[in-house]
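Asks: starting from these lines, generate the structure:
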Amino acid sequence: MPKVKLPRKSTNIDMTAMCDVAFLLLSFFILTTKFKPAEALTVVTPNSVSAKIAPQKDAVLITIDKGGKVYFSVSDVNSAEKKTILETVNSSRNLGLTPNEIGAFAKNPTGYIGVPFSQLKSYLGKSAEELKSVVLPGIPTLDTLNNELTEWMRAAQTAFAGTKMELLVKGDNDAKYPAFKSVIDAFKKNDLLKFQMITNPEGVPPGTELYKKNLNPAPAAP
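Replies: From the prediction side, this is the model:
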């Protein structure tokens with residue numbers, strides 16, 4: 001008995017519903033994604049093979065830009081320590097800072113100190129909108145007789161007394177040696193002999209904490 005051949009028919013799949021779902025998902029991610037905000041200071045750090053994540057708590061960060069300007073900041077979560085640091089400096093230097101000026105900096109999550117003591121009161125008295133157009137001259141450090149970073153580090157030690165202070169240095173790849181030396185001199189005058197350098201990690205060893213974080217980045221805050 002001869003075999004009966006069934007007629008071949010081309011498969012037809014309606015993609016309309018799938019396209020609708022794809023555009024809905026795309027719209028959702030575009031509208032809900034929180035982009036990383038621009039850094040207050042642009043610093044291009046040198047590359048290094050690293051396996052350690054920079055601490056986000058109890059950290060004092062010294063930043064050096066490509067022009068050699070030096071800036072002082074404290075981790076966002078340590079608002080109490082920020083307040084103590086400013087109160088200590090205000091007392092030792094007789095700056096006449098008001099409680100509102102001290103409190104404003106303590107609550108500022110992106111606050112950098114990058115001015116001499118003589119300009120600090122004026123700087124802290126500016127609004128957030130005014131600060132966007134302010135060009136910070138940096139903390140004076142190159143004068144060995146008046147390295148103002150020394151005073152900031154002394155105040156930081158007072159604020160973090162009884163806890164471990166994580167001391168970090170973030171220097172631009174184009175910054176010159178004298179700027180780094182002046183920062184190290186300020187550390188030495190306060191017996192701060194250990195610090196961590198922030199670099200741009202490359203060739204992160206598999207299985208390390210930093211490797212796992214890069215594979216599974218923390219979700220953006222709502």
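
Asks: could you pull out the strands for the protein?
Replies: Taking DSSP state E, the strands of the chain run over residues 47-48, 59-64, 70-74, 166-171, 196-197, 200-201.

Asks: quick one: Tyr177 from Val183, how far?
Replies: As judged by Cβ to Cβ, to the nearest Å, Tyr177 and Val183 stand 11 Å apart. From N, CA and C alone the C-beta is placed, and that goes for glycine too.

Asks: higher neighbour count, the two?
Replies: Between Tyr177 and Val183, counted using other Cβ atoms under 10 Å, Val183 has the larger neighbour count: 23 against 8.

Asks: quick check: closest non-adjacent residue to the more buried one.
Replies: Ile62 (5.5 Å; Cβ to Cβ, 6 or more residues apart in numbering).

Asks: so who does Asp65 touch?
Replies: By Cβ atoms under 8 Å, 6 or more residues apart in numbering, Asp65 lies in contact with Leu41, Thr42, Val43, Tyr71, Gly138, Asp172, Ala175.

Asks: need the residues you listed in JSON lines (columns: distance to Gln157, neighbour count and pLDDT).
Replies: Below are the contacts of Asp65 laid out as JSON lines (distance: Cβ to Cβ, whole Å; neighbours: other Cβ atoms under 10 Å; pLDDT from 0 to 100):
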{"residue": "Leu41", "distance to Gln157": "24", "neighbour count": "17", "pLDDT": "69"}
{"residue": "Thr42", "distance to Gln157": "29", "neighbour count": "9", "pLDDT": "76"}
{"residue": "Val43", "distance to Gln157": "24", "neighbour count": "17", "pLDDT": "80"}
{"residue": "Tyr71", "distance to Gln157": "18", "neighbour count": "21", "pLDDT": "95"}
{"residue": "Gly138", "distance to Gln157": "22", "neighbour count": "23", "pLDDT": "93"}
{"residue": "Asp172", "distance to Gln157": "26", "neighbour count": "20", "pLDDT": "92"}
{"residue": "Ala175", "distance to Gln157": "25", "neighbour count": "21", "pLDDT": "91"}
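
Asks: pick out the most distant pair among the residues you listed.
Replies: Thr42 and Gly138 (14.1 Å; Cβ to Cβ).

Asks: got a list of what the closest residue to Pro46 other than its chain neighbours touches?
Replies: The shortest distance from Pro46 to any residue other than its chain neighbours is 4.7 Å, reached at Asn173 (Cβ to Cβ, 6+ apart). Asn173 is in contact with Val44, Thr45, Pro46, Lys66, counting by Cβ under 8 Å, 6+ apart.

Asks: do Ile102 as well
Replies: Ile102 neighbours (Cβ under 8 Å, 6+ apart): Lys83, Leu86, Glu87, Asn90, Leu124.

Asks: next: Ala179.
Replies: Ile64, Gly68, Lys69, Val70, Thr141, Leu142, Gly171.

Asks: try Asn47
Replies: Contacts for Asn47 (Cβ under 8 Å, 6+ apart) come out as Thr199, Asn200, Pro201, Glu202.
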